[in-house]
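**Q** Sequence and predicted structure are below.
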Amino acid sequence: MKTADIKFDSSQVIELSFATIKEGMEQQLFQDYFPKVGPIVADLGGKSLGSFTVDAAASKIGTPKMGAFFQWPDIEGYKKLHDDARFLKVKPIRDETLAFFSNGHFFNVEADKTIGFAEGQDYALVAEWTSGDLKKITDKMPLVTLRSAMDGNYAPSKLHVCVWDDAFAALVSDGKAIAANAPDIYKFKLNMPA
């Protein structure tokens, strides 16, 4: 079984983004936009840690179909990207391909942590708004816990990456977060690097 390691670096900020691609626009996003934006992100100190497909979600932001983790030296690097003339030139390519997009959600880890993701394995991304929410759902320990790095339009107090547990299934069945303070849950599989 193929695996991919992601290192969550405690000296960096981790950005979480979500998206849904418009049907038929995958080629434009993956073959036109990403090859152009990747070097710009790298010039500003950022890098992609990995992307994932979202198979089910109960979330306050909707039901995205994909997501990604990025790493930045600091939030300022991310902000510089959005002011960079090179990025502003290619941004319309991205925007044209997406039916839904939410990014700029920043987190930190307390200590460096490397996670080995297995190909085809289901994982849960649990956005905890109230401390202790995860323990109410499952007794399994998260693979990594990230803490919110800033207030924003999507800033849960903690973000846990867990191996999928059937206890999560009932919570994502209708595609909506159960209550205002209920955790958001995303069932995902990591996309394996080529």
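**A** Yep, it's here.
**Q** quick one, helices of this protein?
**A** Applying DSSP state H to the chain gives helices spanning 26-27, 34-43, 75-83, 85-97, 133-137, 169-172.
**Q** So which elements touch the first one?
**A** Of the remaining helices and strands, none touches helix 26-27 by 3 or more C-beta pairs under 8 Å, 6 or more residues apart in numbering; DSSP states H and E. All C-beta spots, glycine's among them, are computed from the backbone N, C-alpha and C.
**Q** picking that back up, nearest to residue 121, of the helices of the chain?
**A** Ranking the helices of the chain by proximity to residue 121 (C-beta to C-beta) places helix 169-172 first, at 15.4 Å.
**Q** which residues sit against that closest one?
**A** Surrounding helix 169-172, the residues in contact under the criterion C-beta atoms under 8 Å, 6 or more residues apart in numbering are 56-58, 137, 178, 182-183, 185-187.
**Q** just to revisit the earlier point, can you add distance to residue 148 and give the helices of the chain back as JSON lines?
**A** Shown next, in JSON lines, are the helices of the chain (distance: least, C-beta to C-beta, whole Å):
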{"stretch": "helix 26-27", "distance to residue 148": "31"}
{"stretch": "helix 34-43", "distance to residue 148": "22"}
{"stretch": "helix 75-83", "distance to residue 148": "12"}
{"stretch": "helix 85-97", "distance to residue 148": "25"}
{"stretch": "helix 133-137", "distance to residue 148": "14"}
{"stretch": "helix 169-172", "distance to residue 148": "21"}
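**Q** Could I get those in a markdown table, plus columns for mean neighbour count, mean pLDDT and distance to residue 118?
**A** Output for the helices of the chain, formatted as a markdown table (neighbours: other C-beta atoms under 10 Å; pLDDT from 0 to 100; distance: least, C-beta to C-beta, whole Å):
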| stretch | mean neighbour count | mean pLDDT | distance to residue 118 |
| --- | --- | --- | --- |
| helix 26-27 | 10 | 95 | 24 |
| helix 34-43 | 15 | 96 | 24 |
| helix 75-83 | 15 | 95 | 29 |
| helix 85-97 | 14 | 97 | 29 |
| helix 133-137 | 16 | 80 | 21 |
| helix 169-172 | 17 | 80 | 19 |
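**Q** Residue 5: which of those helices is closest?
**A** Here helix 34-43 is closest among the helices of the chain (C-beta to C-beta), at 19.3 Å.
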